[in-house]
Structure formats: structure tokens, C-alpha cells
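Novice: pasting the structure only:
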């Protein structure tokens, strides 16, 4: 082969190693948002999209301005945020505790894992009437619904994270005679933190979904109540204002977790 | 403090990994354990340190460890086992915290062991910033911090490149010359064994048995590279091991 090839011909070695390594591209996400909104605006202005199909983004913005200047925005948002905060922190903290116990104790694992698997696929919204009876029509049932909904995904993420903690590190702790509690606190929990935080991303998104569901029954104020009212009146502008607020809430929460991750997980390679 | 193993055997389910091991580890000496892969030498080390229970036989500590000894049987692992979320200082401090040593007392011990392992300038670095050799020096510093009576070293240099290995061997010899420690040193590298071992235990393939114990009388400091006597010993050890290693290599792994 090599004798046949022409020694005088010279090619650069072709590069074949590109791709498969996504890097940060600032502003592209925002550009996609803006492009979609601009297209919708164009479509609705020209009449290509009928007002029954989609509201004009400019009208939605105007409605949002009205909501803001009337002071109602803060009233809806504060009620919703406090429900989200109480419900999600209750569900997440109990979920992390139960998840760690499943990860550490064989009997808890054997006893609770099937239960968690049985609870996970239940649409929590279906249980709302039950929660109203158990915890009352006011805040109690709403907290319970959100807490219950965040609990199961947090448990699953947490025990998976605990399972994935490097056994070598635990054995190291034992070989230095660290107490059981020290091993849990200083080795297991920090080691499980990346998995717990990525689980929280999912749990919090579910909490926002359930927030709207919780506000379907017996809520005067709240983003969910606002959306449902707009929906039943087929007031598309207000509906989209509500939906946009939920989206912004989701992006904000996800950014918060990103910040916590950067702070707590600086040690990661 | 000496360690004595009498008639130790070990099984994993049906597989016999160690058969009737009797061994004396005298204080102030380094005992190297060599053998083909899968001969149970790491298992033996875990048994000696109490991380696993032998299926049969007994392991005794003879005498009591010195009073300033916080953790008599202390491991150094092949994969370093450093907490990635703690700095070098934090990793050493980890093993002191449980003994109630904090603040100034801890800082004194940490500064001392980091100086002995030439890590003083890297006290605030995270493990991910360190090279493999430095990581293992942190692990050695951590082990020194608890004043071990016996160091149990599980292939401590196997994850490092050969230059770093040479440097770390020199460091270990310097540490031993300053204050002789007792150590059980498991390795598959015969060069390491003849450099560091006062006696070398050669094991057969699974089930691991002691084939021969080779004693080396040359002081550690005089065992530099190219020492003819060491080469001779290494060749002899390889003679002992070659057939075992070949047979072990051809075995199917069913554990």
C-alpha cells in the first residue's frame, strides 16, 4: 500500500474531533423567546392569527401593566408565593429526610420503597377533594397538595443520590473510626448533594404545577385562581399574563437552584 | 504494637479467597505483601484493619498502642479517598474532629503533618486542583495526623505514574527513617516491595496462601536505584511469582 502512494502529494490531516460537547452560548435562549413573541405579534397584527387563537403579545403586556398598577399583581403573587414556599419546603425537607433514611437503613428501604413507588404515579390533583376534607378548604389543603407533590420526586432523587455516594469514602470514614453520625453528616450528605439539588429542580417545577391545581378550589387570590378565572371567561390576555408569570417563576426558581449549586458544589470537577 | 494473624481463612460466598494465613507483623518494620492479581492481598489488608471479618482464624493486636495514638490501624488507599468538597486542611481535620481536637490543637497537628509531607503551601487547595502524587501525600498526611501504630497501605502508589512513584517512595523512606512506623504494604509492584519492605510476603494465586517470606536486611536508605542486591532479590521474587501470575491471568473471574 505505502509503496503505491504518491510521496509528493500533501494533505492536511482532516479534523474529526468536533461536536458532542455543548458549551454555554449567552443570549440564545432569550433570542428564541423574543423571536417567538415577535412572530406572534406579527401574525396577530396582520390577522393571520385570529384573536380567538392567540392574544396579541402587546395586549398581554398591557394587561400585565394594568394588573401591576392596580396592585392586584402583588396580592395574587404574595398569596401564591407563600403557598409555594410552605408547601414545597415542607415536601422537600420531609422528602430529603425520608430519602436519606431509605438510602441508609435496609428496613426503611424495604418498607418504604414500594410505598413510594405506589404513591409516585398518583396524580396528586385527583386527591384534592380528599385533602379539602382532611386539611380544610383554606390554606391547609393547598399546602398539603403541594407538599405531597414535591415529596415523592424528592425522595426518589435523594435515595438515588445517597446510593451513589462513593463507598470508598465511607469505608475511609469507618477506617478512621468516625462516628456514624459524622459519616452521615460529613461524607454521605455532601456526597449526595449534587443529586439532591438536581432532584429539587424537578420537584420545584412540579410544585408550581400543583400550585395552580391547588388554587382551583376555594381560592380567592393567587396566580392559579387568576388563570382559572380568566380561562372560564375566555379572557386570553389575562390567561397569558398568568401563564407568563408562572413561567417567570419557574425560570427564577431554576436560576436560584443554579446559584445554590454553584456555591455548594464548587468542589466539583 | 505487633499484629499476629493465626490461621486466617476467608470466603466470599462459595469462593475461597484466603487459606490458612499465619503471619507476624513486628513493630517498626514494613511488611510488603505481593502476589498475582486476585490473590486476596487487599482482602487480607481489610481483614487486618477490621474492615471485614475473617471467615476463620484470628487476628490479634499484641500490646497496647501508645496513648497519643488516635487511630491504631490506619489505612492509605489506592484511590486516595479524599473528600472532594474539603480542602487539604479540611481533609486532615476530618479525622481529628471526631476526637474533639479542634482549633489551635488541631491547627498544630495539621501544620506539622503538612510540613512533613511538604504540603504546607497547599493547605487551602481542593483535591481537584492537586496532582495524583500530591493527593496521595495528603492521604499520607491525614494518616500521620492520627499517629497510627500500624499503617495499612493498599497499593498506595499504583494509581501514580512511575516518576511520581519514585518520588513518593523516597518520601516514604524519609518518613520512616525519621520515625520508624509499622506498616503492611500491599502491592503488585515488585520494585516497590524490594525498595520498602523489611520482609516480603509472597502469596500464591487464589485461594491466597503464603508461599514464601523473603527477608531483606539492607537498610532502606541504601536501597537506591541500580542496587545489584535489590535487583537480585527482585529477580528472585519474579521467579517465585511468574507461574502463579500466568495461571491467575488465565483464570475466569467468577466473583
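Specialist: Yep, it's here. Just so we're clear, the structure is a prediction, and the values are computed from it rather than from any experiment. Numbers count the residues shown, from 1 in each chain, chains lettered A, B, ... in the order given.
Novice: Name the residues of chain B found near chain A, please.
Specialist: For chain B, the residues found near chain A under the criterion CB under 8 Å from any CB of the partner chain are B:49, B:51, B:71, B:73-75, B:77, B:79, B:81, B:83-86, B:94-95, B:97-98, B:126-128, B:142, B:146. C-beta: built from backbone N, CA, C; applies to glycine.
Novice: are any of those buried, and which?
Specialist: Listed as buried from the residues of chain B next to chain A are B:49, B:51, B:71, B:73-75, B:77, B:79, B:81, B:83-86, B:94-95, B:98, B:126-127, B:142, B:146; burial here means 16 or more other CB atoms under 10 Å in any protein chain shown.
Novice: Now go through the residues of chain B next to chain A and say which are in strands.
Specialist: The members of these that map onto strands under DSSP state E are B:73, B:74, B:75.
Novice: ok now do the residue most central in space within chain A, which residues does it touch?
Specialist: For chain A, the residue nearest the mean C-alpha position is residue A:205 (2.9 Å; CA atoms, centre = their mean). For residue A:205, the contacting residues are A:250, A:253, A:254, taking CB atoms under 8 Å, 6 or more residues apart in numbering or on different chains as the criterion.
Novice: My read is that the second one contacts residue A:203, right?
Specialist: It stands for residue A:253. No. The criterion here is CB atoms under 8 Å, and residue A:253 misses it with residue A:203 at 10.2 Å.
Novice: more crowded one of those two?
Specialist: Ranked by neighbour count (other CB atoms under 10 Å in any protein chain shown), residue A:253 and residue A:203 place residue A:203 first, with 24 against 18.
Novice: what's the neighbour count on the closest residue to that one other than its chain neighbours?
Specialist: When the adjacent residues along the chain are set aside, residue A:203 lies closest to residue A:150, with 4.3 Å between them (CB to CB, 6 or more residues apart in numbering or on different chains). Other residues lying near residue A:150 total 30 when counted by other CB under 10 Å.
Novice: distance of residue A:150 from residue A:139?
Specialist: Plainly put, residue A:150 is 16 Å away from residue A:139 if you go by CB to CB, to the nearest Å.
Novice: Helices of the stretch 51-200 of chain B, residue ranges please.
Specialist: Under the criterion DSSP state H, counting those that start in this stretch, the stretch 51-200 of chain B carries helices at the ranges B:88-97, B:103-116, B:132-145, B:162-178, B:190-196.
Novice: Check chain A too.
Specialist: Secondary structure of chain A, counting by DSSP state H: helices at A:28-46, A:57-69, A:72-104, A:106-119, A:128-135, A:139-163, A:167-175, A:180-183, A:189-214, A:223-232, A:236-264.
Novice: Give me whichever of the ones you listed is most buried.
Specialist: Most buried of the helices of chain A by mean neighbour count (mean count of other CB atoms under 10 Å in any protein chain shown) is helix A:139-163; its value is a mean of 24.
Novice: which secondary structure elements does that one contact?
Specialist: helix A:72-104, helix A:106-119, helix A:128-135, helix A:189-214 (3 or more CB pairs under 8 Å, 6 or more residues apart in numbering or on different chains; DSSP states H and E).
Novice: low-confidence ranges in chain B?
Specialist: Judged against pLDDT under 70, the low-scoring parts of chain B cover residues B:225, B:252-255.
Novice: Mark out where each domain of it begins and ends.
Specialist: What automatic domain parsing lists as the domains of chain B is B:2-65+B:149-254, B:83-148.
Novice: Smallest gap between the stretch 51-200 of chain A and chain B, at which residue?
Specialist: residue A:172 (3.8 Å; CB to the nearest CB).
Novice: Verify the stated contact: that residue with residue B:81.
Specialist: Yes. A contact is recorded between residue A:172 and residue B:81 when judged using CB under 8 Å, the distance being 3.8 Å.
Novice: May I see the helices of chain A organised as a markdown table, with distance to residue B:162 and mean pLDDT added?
Specialist: As requested, the helices of chain A are exported to a markdown table (distance: least, CB to CB, whole Å; pLDDT from 0 to 100):
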| stretch | distance to residue B:162 | mean pLDDT |
| --- | --- | --- |
| helix A:28-46 | 47 | 92 |
| helix A:57-69 | 66 | 92 |
| helix A:72-104 | 40 | 94 |
| helix A:106-119 | 44 | 93 |
| helix A:128-135 | 66 | 90 |
| helix A:139-163 | 36 | 93 |
| helix A:167-175 | 24 | 93 |
| helix A:180-183 | 35 | 94 |
| helix A:189-214 | 32 | 92 |
| helix A:223-232 | 64 | 91 |
| helix A:236-264 | 38 | 91 |
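Novice: out of the ones you listed, nearest to residue B:115?
Specialist: The minimum distance between residue B:115 and the helices of chain A falls on helix A:167-175, with 23.0 Å, by CB to CB.
Novice: Neighbours of residue B:214, how many?
Specialist: If you count neighbours by other CB under 10 Å, residue B:214 ends up with 18.
Novice: now for the helix or strand containing it, which elements pack on it?
Specialist: Residue B:214 is part of strand B:210-215, with elements assigned from DSSP states H and E. Helices and strands touching strand B:210-215, as assessed by 3+ CB pairs under 8 Å, 6+ apart, comprise strand B:15-25, strand B:199-203, helix B:228-250.
Novice: Let me have those in CSV, adding mean neighbour count as columns.
Specialist: Conversion of those to CSV gives the following (neighbours: other CB atoms under 10 Å in any protein chain shown):
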stretch, mean neighbour count
strand B:15-25, 18
strand B:199-203, 23
helix B:228-250, 14
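Novice: okay if I get the ones you listed as TSV plus distance to residue B:117?
Specialist: Listed next are the helices and strands packed on strand B:210-215 as TSV, based on distance: least, CB to CB, whole Å:
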stretch	distance to residue B:117
strand B:15-25	24
strand B:199-203	25
helix B:228-250	25
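Novice: So which bits of chain A are right by chain B?
Specialist: For chain A, the contact set with chain B under CB under 8 Å from any CB comprises A:168-169, A:171-172, A:174-179, A:182, A:186-187, A:190-191, A:265-269.
Novice: quick one: the residue nearest to residue A:203 and residue A:91 touch, right?
Specialist: Yes. Contact between residue A:150 and residue A:91 holds when scored by CB under 8 Å: they sit 3.3 Å apart.
Novice: Now do the shared contacts for the two.
Specialist: What both residue A:150 and residue A:91 touch, as defined by CB under 8 Å, 6+ apart, is the set A:203, A:207.
Novice: From the chain's centroid, how far away is stretch B:241-248?
Specialist: Distance of stretch B:241-248 from its chain centroid, counting by CA atoms, centre = their mean, to the nearest Å, is 23 Å.
Novice: what sits up against that stretch?
Specialist: The contact list for stretch B:241-248 (CB under 8 Å, 6+ apart) reads B:34, B:35, B:36, B:37, B:38, B:39, B:190, B:202, B:204, B:205, B:206, B:211.
Novice: hmm, 10 Å instead?
Specialist: Surrounding stretch B:241-248, the residues in contact under the criterion CB atoms under 10 Å, 6 or more residues apart in numbering or on different chains are B:34-39, B:188, B:190, B:202-206, B:211-212, B:238.
Novice: In ChimeraX, how would I select just the buried ones from these?
Specialist: Burial among the contacts of stretch B:241-248 is assessed by 16+ other CB under 10 Å; the matching ChimeraX selection reads:
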select /B:34,35,36,38,39,188,190,202,203,204,205,206,211
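Novice: give the contact list for the most centrally placed residue in chain B.
Specialist: In chain B, the residue lying closest to the centroid (CA atoms, centre = their mean) is residue B:153, at 1.4 Å. Going by CB under 10 Å, 6+ apart, residue B:153 touches B:30, B:32-33, B:45, B:74-78, B:139-140, B:143, B:172, B:183-187, B:192, B:196.
Novice: my guess is residue B:21 meets residue B:3, correct?
Specialist: No. At 11.9 Å, residue B:21 does not count as touching residue B:3 under the criterion of CB atoms under 10 Å.
Novice: got any residues that touch both of those two?
Specialist: Residues touching both residue B:21 and residue B:3 comprise B:48, B:59, with contact defined as CB under 10 Å, 6+ apart.
Novice: Which residue lies closest in space to residue A:166, excluding its sequence neighbours?
Specialist: Distance criterion CB to CB, 6+ apart; nearest residue to residue A:166, sequence neighbours excluded, is residue A:191 at 6.4 Å.
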